[in-house]
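In: sequence first, then the predicted structure, then my questions.
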Amino acid sequence: MSQEILRVNDLGVNFYIEDRVIPAVDGVSFSLSKGETLGLVGESGCGKSVTALSIIGLLQTPPAKVVKGEIIFNGENLLDKSEDDMRDIRGKDISMIFQEPMTSLNPVFTIGRQISEVITQHQNVSNREALERTIEMLKRVRIPRPEKVVKQYPHQLSGGMRQRVMIAIALACSPELLIADEPTTALDVTVEAQILDLINELKDEFNSSIIMISHDLAVVSEIADKVAVMYSGRIVEYSDVDSVFNDPKHPYTRGLLGAIPDIDTDKLQRLQEIRGVVPRPDEIKEGCRFKTRCDFVSESCICEEPPFYQVDRNLVRCWNYA
Amino acid sequence: MTAKVLEVQNLKKYFPVKTNLFGRGTEFVKAVDGVDFHINSGEILGLVGESGSGKTTTGRTIIRLLDPTEGEIIFDGQDITNTRKKDLRKTYEQMQLVFQDPFASLNPRKKVGNAIEEVLYVHGMKDRAQRRERVFELFDMVGLRGEEDKYPHEFSGGQRQRVVIARALAVDPKLIICDEPVSALDVSIQAQIINLLMSLKNRLGLSYLFISHDLRVVKYMSDRVAVMYLGKIVEIAPAEELFKNPAHPYSKALLSVVSGAGSGRKKKKIILEGEVPSPVDPPSGCRFRTRCKYATELCSEIEPQTKCLGDEHYVSCHLY
C-alpha cells in the first residue's frame, strides 16, 4: 500500500503576462502512494489545474514556467525530462481526463482511431490487435455496442458517452497515475454518479493512483482517500478525507463546507458565507493569503505567511494553531 | 397568503427541427410538453431536472421570451398567454428574470447604474433625480453601495449577479424567475448570493421560480419543488416531503445521488442506466419507462395521470 509513486516538492509555477508575474502555484507539496486517491479542491484560480498540468508536463510555456520544486514520479524528477521522454510517459504511465468531454476529443477522427492511437503509440502491437483492445476498453467503460461506437465520431455521442471515451483513452495503457481534472463538472448529476462509480471500479481493477481535481467537495469526499484544499496557489489544509470533512481546521475549509447547503440544512439557518471575493494570485504579496476574507485574522496573519502546523491529523497553514 | 401569483396549465413549447416546403414544422423538439403548476404569493418553487429536461424553456415561456405552443399562463389573475408583445410591459413590472450567466447579461459599454436607470425610464419614471435615488436604494439593497458608476468588467462574477438582481428589483416585481442564478459562481460566492436572494424575498415579499440543477441549493431555498423529466413534471411536493419521501422512481434516483460532503460514501445510490431519450421522439406512455426498473407493459401504453399522495404531493407514475 504505502509504496510512494508520486512526490511533489515545493512546486512553484509563475505566469508571465505582459509585465506582470503571477505566482499561480507557490510551494505546493504532497505525495501519493500506489492505489491511493488524492482530492485537490479549491475555487477557480486557486492553482488546481496548473498543478495537474505541471505534473503531466502540459503547461504552456510561455506564459507559464515552473520556477521551483521537483516532481518525483517513480524515483525520477519529471521536470528534468525532455519533451520526447515526457511523450513516452504521457498516456502510458500518467494520463489525464479533462473537464470538457466536448472539446477534448478530435472531431474529425473516429472514436476507434483516437483510442487505438494511444495503444499503438506506446505498445508494439498490430493495428488489428489495437482495434480489439479498443473494443475491449470501450466494454470496460460500459459503452453499449462498442463495435458500432468505434466507427462513430465524437459528435454522435452524448456528453456522458464522450467522457467515457475519454476515460477509455486515459486507461488504455493501464497508467500508474490518472489525473482527473473536474471529470464530472460538465455532466448531469445522474451521469456524474455513473462516471464516479466507473472511476471507483476501474481504480480497484487497475490499482491506479488518482489525483481528483474538483471544486465540488461532495464529489471529492466520495472518491478520495486524502484531500488537499488549495487557496490562491497554496495548499492550506491537507489530511485524510474524514478529518478534512468532519473536522476541518482551516477557516477557509470551514467556510467552504459551511457555504454549501446540505440536504438537512435547516432553511431558517442562514448559509455561512465567506465574505469578499477570491483575490488574484498576485494581489496579496505578504502574510496569509486568506487574510482579506478571514474572520480570525491576527497581527501575524497580516505580515507573515503561516507555516504548516500539525493539528490532530490535519496539516494546516494557519497562525491560529501556532 | 394562498393567493396564486402564477398559474400554469398544460403549458407546451415545441421547437420545429424540420420544416416542409411551406416553412411549417413537421418534426418538433417537445421541450416542454404539458406542464401544470402554480406559485403562491411569497413562495419559492424550485424546478429541478437534468439538462434538456425543459426547465429553462419553461421559465422563458412563462415570461414570454418564447411564445407558448399551447396552454395557459395566468399571472396575477390575468391571462398573459396571448398578450401582445407591446402590452407585455405592464406584466414585466411585476415579473422579472435573472439569468445564469452574469457575464453575458450586462451591457459592457454601460455603467451599471445607468443600465438600471434605463429600466426605470422605460417603465415610466421620467424624473432624473428620482431615478438616481432609486438606483442608490437598489444598490444599497444588494450590498453594492457606492458602486453605481462602474462598468461591468470592473466587477467579479458574484458582484455582477448582484447588479443583475438589482436590475430585476428595479420595477418592484412580485415574481422573479431565477434561471440557475448561482451555478456560474464559486462556492464561497454562491452562499453570498443565496443569502441575498433569501433576505430580499423576506423583506420584499417576493415569489421565486427557482430553476437549478443543484438539488442541495434547491432544497435549501424552496418551499415546494417540481421535478422535470423530458418536458414533463413527474413529481411536485413540498421540499421537505420530496427529499424525505420521493415517490417517483426518477426523483428517487436523482435524490439518491446527491451527496452531502462527508456523508457521500455511506449512502446507497441508485445509478440510472442509459441516457435521457431524445425529446423529438419521446417514449410512448410514461417517458421514464426506458430507464425505470419498475416499468411494466402498462407504462408503455398509457401515460400516467397525476395523482395526489396527500398534502400537496403530486406524482405521475403508475405505481401509485
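Out: Happy to help now that I have it. Numbers count the residues shown, from 1 in each chain, chains lettered A, B, ... in the order given.

In: how much space separates the residue lying closest to A:Ser174 once chain neighbours are set aside from B:Gln192?
Out: Nearest residue to A:Ser174 in three dimensions, chain neighbours excluded: A:Phe206, at 5.1 Å (C-beta to C-beta, 6 or more residues apart in numbering or on different chains). From N, CA and C alone the C-beta is placed, and that goes for glycine too. Computed as C-beta to C-beta, to the nearest Å, the A:Phe206 to B:Gln192 distance reads 42 Å.

In: ditto for B:Leu185
Out: Going from B:Leu185 to B:Gln192 by C-beta to C-beta gives 8 Å.

In: shared neighbours, these two?
Out: Common contacts of B:Leu185 and B:Gln192 (C-beta atoms under 8 Å, 6 or more residues apart in numbering or on different chains): B:Gly158.

In: now A:Val278. Its backbone dihedrals?
Out: Main-chain torsions, A:Val278, degrees, to the nearest 10: phi -60, psi 120.

In: doesn't A:Gly42 make contact with it?
Out: No: counting by C-beta atoms under 8 Å, A:Val278 stays clear of A:Gly42, with 9.4 Å between them.

In: neighbour count for the two, which is higher?
Out: Set side by side, A:Val278 and A:Gly42 show more neighbours around A:Gly42, with 28 against 22, by other C-beta atoms under 10 Å in any protein chain shown.

In: for B:Asp311, give me its contacts.
Out: B:Asp311 neighbours (C-beta under 8 Å, 6+ apart): B:Pro238, B:Glu241.

In: just the helices in chain A please.
Out: For chain A, the helices defined by DSSP state H cover A:48-56, A:83-89, A:111-122, A:127-140, A:146-149, A:159-171, A:189-206, A:217-223, A:241-246, A:251-259, A:299-303.

In: pipe those into JSON lines and attach mean pLDDT per row.
Out: Below are the helices of chain A laid out as JSON lines (pLDDT from 0 to 100):
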{"stretch": "helix A:48-56", "mean pLDDT": "90"}
{"stretch": "helix A:83-89", "mean pLDDT": "88"}
{"stretch": "helix A:111-122", "mean pLDDT": "88"}
{"stretch": "helix A:127-140", "mean pLDDT": "88"}
{"stretch": "helix A:146-149", "mean pLDDT": "87"}
{"stretch": "helix A:159-171", "mean pLDDT": "85"}
{"stretch": "helix A:189-206", "mean pLDDT": "82"}
{"stretch": "helix A:217-223", "mean pLDDT": "84"}
{"stretch": "helix A:241-246", "mean pLDDT": "87"}
{"stretch": "helix A:251-259", "mean pLDDT": "87"}
{"stretch": "helix A:299-303", "mean pLDDT": "85"}
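
In: for those helices, give me a markdown table that also has distance to A:Asn314 and mean neighbour count.
Out: Formatted as a markdown table, the helices of chain A follow (distance: least, C-beta to C-beta, whole Å; neighbours: other C-beta atoms under 10 Å in any protein chain shown):
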| stretch | distance to A:Asn314 | mean neighbour count |
| --- | --- | --- |
| helix A:48-56 | 19 | 23 |
| helix A:83-89 | 32 | 13 |
| helix A:111-122 | 38 | 20 |
| helix A:127-140 | 36 | 17 |
| helix A:146-149 | 44 | 16 |
| helix A:159-171 | 31 | 24 |
| helix A:189-206 | 24 | 19 |
| helix A:217-223 | 15 | 24 |
| helix A:241-246 | 5 | 20 |
| helix A:251-259 | 9 | 22 |
| helix A:299-303 | 18 | 13 |
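
In: in contact with residue 182, which residues?
Out: As the question left the chain open, I've gone with chain A. Going by C-beta under 8 Å, 6+ apart, A:Glu182 touches A:Gln99, A:Ile213, A:Ser214, A:His215.

In: hmm, I had chain B in mind actually
Out: Neighbouring residues of B:Val182 by C-beta under 8 Å, 6+ apart: B:Gln161, B:Gln190, B:Ile193, B:Ile194, B:Ser212, B:Asp214, B:Val217.

In: residue contacts, residue 160?
Out: By default, I'm working from chain A. A:Gly160 is in contact with A:Leu187, A:Asp188, A:Val191, A:Gln194, A:Ile195, B:Glu275, counting by C-beta under 8 Å, 6+ apart.

In: the intended chain is chain B.
Out: B:Arg160 touches B:Pro102, B:Phe103, B:Leu106, B:Pro152, counting by C-beta under 8 Å, 6+ apart.

In: backbone dihedrals for it, both of them.
Out: When read as degrees, to the nearest 10, the backbone of B:Arg160 gives phi -60, psi -40.

In: which residues of chain B score low on pLDDT?
Out: Residues of chain B meeting the criterion pLDDT under 70: B:1-2, B:259-267.

In: okay but A:Lys249 is in contact with A:Arg313, surely?
Out: No: applying C-beta under 8 Å, one finds A:Lys249 not in contact with A:Arg313, separated by 9.6 Å.

In: those two: who's more crowded?
Out: Counted by other C-beta under 10 Å, A:Lys249 and A:Arg313 do not tie: A:Lys249 has more neighbours, with 23 against 12.

In: what packs against the host helix or strand of B:Glu133?
Out: According to DSSP states H and E, B:Glu133 maps onto helix B:128-141. Counting contacts by 3 or more C-beta pairs under 8 Å, 6 or more residues apart in numbering or on different chains; DSSP states H and E, helix B:128-141 packs against helix B:112-122, helix B:157-169.

In: let me know which of those helices is tucked in deepest.
Out: Mean neighbours per residue, mean count of other C-beta atoms under 10 Å in any protein chain shown, is largest over these for helix B:157-169, with a mean of 24.

In: show me what the most centrally placed residue in chain A bridges to in the sheet.
Out: A centroid search over chain A (C-alpha atoms, centre = their mean) returns A:Ile213, at 2.7 Å, as the residue closest to the centre. Legend: beta-bridge partners of A:Ile213 under DSSP bridges are A:Leu40, A:Asp181.

In: next one: it relative to chain B, how far apart?
Out: As judged by C-beta to the nearest C-beta, to the nearest Å, A:Ile213 and chain B stand 14 Å apart.
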